[in-house]
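Asker: Quick one, structure for this:
(2 chains)
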Amino acid sequence: MIYSDKVMDHFANPRNVGTLPDADGVGQVGNPVCGDMMAFYIKVKDDRLSDIKFQTFGCGAAIAVSSMVSEMALGKTLDEAMAITNDKVAEELGGLPKNKMHCSNLGADALHEAIKDFRRKSAPGVRDAAAAAPAHVHDEHEEICSCPYCEGPLEGLKEVCSCRHCDIDFVECPECRKYTNKADAACSSCGAKIAK
Amino acid sequence: MRRIYLDHIAATPLHPDALAAMLPFLRERFGNPQSLHSEGQTVLEAVEEARGRVARLIGATAAEIIFTSSGSESNNLAVKGMALAGRAKGTHLVLSAVEHVSVLNAAKSLEKFGFRSTLVPVDRTGTVRPESVEQALTKDTVLVSVMLANSEVGAIEPVAEIAKLCRAKGVPFHTDAVAAAGSLAIDVPALGVDALSLAGDQFYGPKGGAALYLKKGTRLLPQIDGGIQEDGRRGGTENAAAIVGLGKAAEIALARRAEREAKARALRDRLIDGLTRRVDRILLTGPRDGRLPHQASFCVQFVEGEAMLLSLDMKGIAVSSGSACSSKALKASHVLLAMGLDHATAQGSVVFSLLEGTTAEDIDIVLESFPPIIERLRKMSPLYTAYLKENSQ
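Answerer: Sure, this is the predicted structure:
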C-alpha cells in the first residue's frame, strides 16, 4: 500500500467533513485543473477555532490531509493554528509518498487562508501582516521537493530546475506556478502555454 | 473478503494450463535452445511449437513471430527498429495521440537521432479518423503506428483502413494490439499491417511472454544485438518458460475467444447500462459500440479517480484510473485529454475491465457498491457543492 494506515483511516473516515453556512472565515486552495482543491470553513470564539469543516476534491492523500489538519487545529488558538505546517501534517499522518507531498499536501494552506479571511473580516482597515501574505503559491525553492517521474531530487534555480536521473528540465508555469516539463508545449497541471 | 478483480488491462491471472505447460521449463528442461545436444533441442522444439501457436492466433506464419519480454518491448522494437531501418528514406513518424506510452516515448527517444513525429488527433470517442492519418503522411514518413484498441477508453481503431492507405503510399505500418490480442479476432493478412505487438499477460499467459509479428520482408534494425536467436532480430537466450506459457495461452485464446467475447460483452453492457442509470453526471468514455468487449470506462464528475479506486478497493473491487492523482507522474491521462476532456473531468476517470471468470453477480455487486461511494465522495467535494448551488438557483 502506498499510504500509511493513518492516511487510510483518515481517508475512510474523514473527520469534520462539510461546510459552515455561517462561517467566520473561508479559505480555498488549489483548483481542479491542478488536481486537488480544498475548502476550509472556520468558526472562531475567543481567538480559538471552535468549529472547522472542510471539503476536498482530490486523491486519498488530499482527503486524509484535510481531515488531519481539521483535527490538529480544532480548539487551537489562531496563532497556534497558523503555526501548523504541511510538513507537520504529513508527519502526523505517518508520512506521505514523495510524489504526493507537493500537490496533495495543501491542507495547512487552506486552513491558514480561512484564518486570514477571518482576520481580514474582523479587523477591517487594519492591515494584518499575516493577512497580507499572498495565498499559497509554489514559489519556494524547497517546495520543489522531487521529480514527479522518478521522485529523485530536483536541482537548479528557482525558475528552471532539472532531474538529473530522468534528464528532464522543469520550468515554472506562468499561470498555476507548478513545475512542468520544459519540453512540453503546455503545462501538465493547468494546460497553459509554456513559452519556449 | 471476497475480491472482485476488474483490472484485466493491468494483468490477467495465469491460466492453469499455461502454468502447467511452463513448469518443466523452470525445472528439468533447463537447456539452452541454441545448444545442439538433446537438453537444448527439446527446449528448442517447445519454443518453436509456441511460435506456431502464437502465429495461428493472428493468422501469421511462425517465421513472422519474434518473441520479446513485454508489450512495451515489442512496441519499442517495432517503432525504433522499423524507423531506424528506414532512416535512409526519411525521418518522419506518424502516431495517434492515444498510443501507449511505450510507442510515444520510443518516438520521443528517436528525436535524439533526428526523427520527428506527427501526432494524429482523435475524436471525442478516442477514435482516429483514417483521413487524419493520410493528411499527416509526408514523403519523409518511414513509419505509421496506430493501436488496434485503446485499453483506457476501449476504442477500437480503424486499423485495416489505415493500413490500406499506408500500403498505397508504401509506408510501413505497425499496430499495437496488446490490449486487443486474445480479446478481438485478429487476422494479420486481412488487417494488412506490417507489424503487430501482442503480450500474453493480456490473455491469461505469463508476464514476460510477448511477441512482435513482423511481416515477411519487413525491414527492422534489432534493438538487442547478440546471437542468432529470433533469426538475429532479438538477441538473448530465449525465456523458454514464458514463451511456452504464451504459446499455450494463445492456443486457448484462439479456441475460446468467441465464447469469451460474447460473455464479456453481455456483462460489460450490464455494467455500462447499470452505472449510467444509477449515477448522475457520469460519462462513458470511448464509443458505446466499437469498443473492447471486456472494457467499460467512465469519467465521474466532481470526484477524483484515485479516491474512487481506493474506495472500491476497500469494498474488495479492483479497478484502475487515468486520473492525474492515481499516476505516479501526476499527469492526467494523455488519452482523455486528447479526446478533448477538460482536466477536471479527466480527474474522475475510472476503468473497469472484465476477466473470463467475471460473473453477473460480480457486476451486480459493483452496481450496488459504486453509487454510495460516489455519494460519499461528492458530499466531500467542493465542486459538487458548487454545482448543486448553481443548479438550485
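Asker: Quick check on residue B:155: phi, psi?
Answerer: Backbone torsions of residue B:155, given as degrees, to the nearest 10, read phi -60, psi 130.
Asker: so what's it up against?
Answerer: Residue B:155 sits next to B:98, B:122, B:125-127, B:149, B:286-287, B:290-291 when contact means Cβ atoms under 8 Å, 6 or more residues apart in numbering or on different chains. Heads up, the C-betas are built off the backbone N, CA and C, glycines and all.
Asker: ok, it to residue B:180 distance?
Answerer: According to Cβ to Cβ, to the nearest Å, residue B:155 and residue B:180 sit 11 Å apart.
Asker: what sits against the residue in the stretch 51-200 of chain B positioned nearest to chain A?
Answerer: Nearest residue of the stretch 51-200 of chain B to chain A, counting by Cβ to the nearest Cβ: residue B:108, 8.6 Å away. For residue B:108, the contact set (Cβ under 8 Å, 6+ apart) comprises residue B:117.
Asker: Now the buried members of the contacts of residue B:155.
Answerer: When the contacts of residue B:155 are checked for burial by 16 or more other Cβ atoms under 10 Å in any protein chain shown, the buried set is B:98, B:122, B:125-127, B:149, B:286-287, B:291.
Asker: want to throw the residues you listed into TSV with distance to residue B:114 and pLDDT?
Answerer: Rendered in TSV, the data for the buried ones among the contacts of residue B:155 read as follows (distance: Cβ to Cβ, whole Å; pLDDT from 0 to 100):
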residue	distance to residue B:114	pLDDT
B:98	25	97
B:122	27	97
B:125	35	97
B:126	31	97
B:127	31	98
B:149	32	98
B:286	35	97
B:287	37	97
B:291	38	97
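Asker: could I get those as CSV with secondary structure and distance to chain A?
Answerer: Listed next are the buried ones among the contacts of residue B:155 as CSV, based on DSSP: H, G, I helix; E, B strand; the rest coil; distance: Cβ to the nearest Cβ, whole Å:
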residue, secondary structure, distance to chain A
B:98, coil, 17
B:122, strand, 17
B:125, coil, 21
B:126, coil, 19
B:127, coil, 23
B:149, strand, 26
B:286, coil, 22
B:287, coil, 25
B:291, strand, 27
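Asker: Kindly reformat these as CSV containing distance to residue B:196.
Answerer: Converted to CSV, the buried ones among the contacts of residue B:155 look like this (distance: Cβ to Cβ, whole Å):
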residue, distance to residue B:196
B:98, 17
B:122, 20
B:125, 23
B:126, 20
B:127, 19
B:149, 12
B:286, 21
B:287, 22
B:291, 20
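Asker: Looking at those residues, which one is closest to residue A:67?
Answerer: residue B:286 (34.5 Å; Cβ to Cβ).
Asker: Wait, the closest one touches residue B:150, no?
Answerer: Yes. Using Cβ atoms under 8 Å, residue B:286 is in contact with residue B:150, at 7.1 Å.
Asker: Now do the shared contacts for those two.
Answerer: Joint contacts of residue B:286 and residue B:150 (Cβ under 8 Å, 6+ apart) are residue B:126.
Asker: in the lengthiest helix in chain A, what's buried?
Answerer: Criterion DSSP state H: the longest helix present in chain A is helix A:107-122. Applying a neighbour-count criterion of 16+ other Cβ under 10 Å, the buried positions in helix A:107-122 are A:107-120.
Asker: Equivalent analysis for stretch B:123-139, please.
Answerer: By neighbour count with 16+ other Cβ under 10 Å, stretch B:123-139 contains the buried residues B:125-130, B:132-134, B:136-137.
Asker: again with stretch B:293-301
Answerer: B:293-301.
Asker: Then stretch B:142-152?
Answerer: For stretch B:142-152, using 16+ other Cβ under 10 Å, the buried residues are B:142-152.
Asker: try stretch B:63-74
Answerer: Neighbour count says stretch B:63-74 has B:64-74 buried, by 16+ other Cβ under 10 Å.
Asker: near chain B at all, the longest helix of chain A?
Answerer: No. Remark: helix A:107-122 sits outside contact range of chain B, by Cβ under 8 Å from any Cβ of the partner chain, the gap being at least 10.2 Å.
Asker: Now do that helix: distance to the chain's middle.
Answerer: Averaging C-alpha positions (Cα atoms, centre = their mean, to the nearest Å) puts helix A:107-122 13 Å from its chain's average.
Asker: What is it packed up against?
Answerer: strand A:25-30, strand A:37-45, strand A:48-57, helix A:60-73, helix A:78-82, helix A:86-92, helix A:129-132 (3 or more Cβ pairs under 8 Å, 6 or more residues apart in numbering or on different chains; DSSP states H and E).
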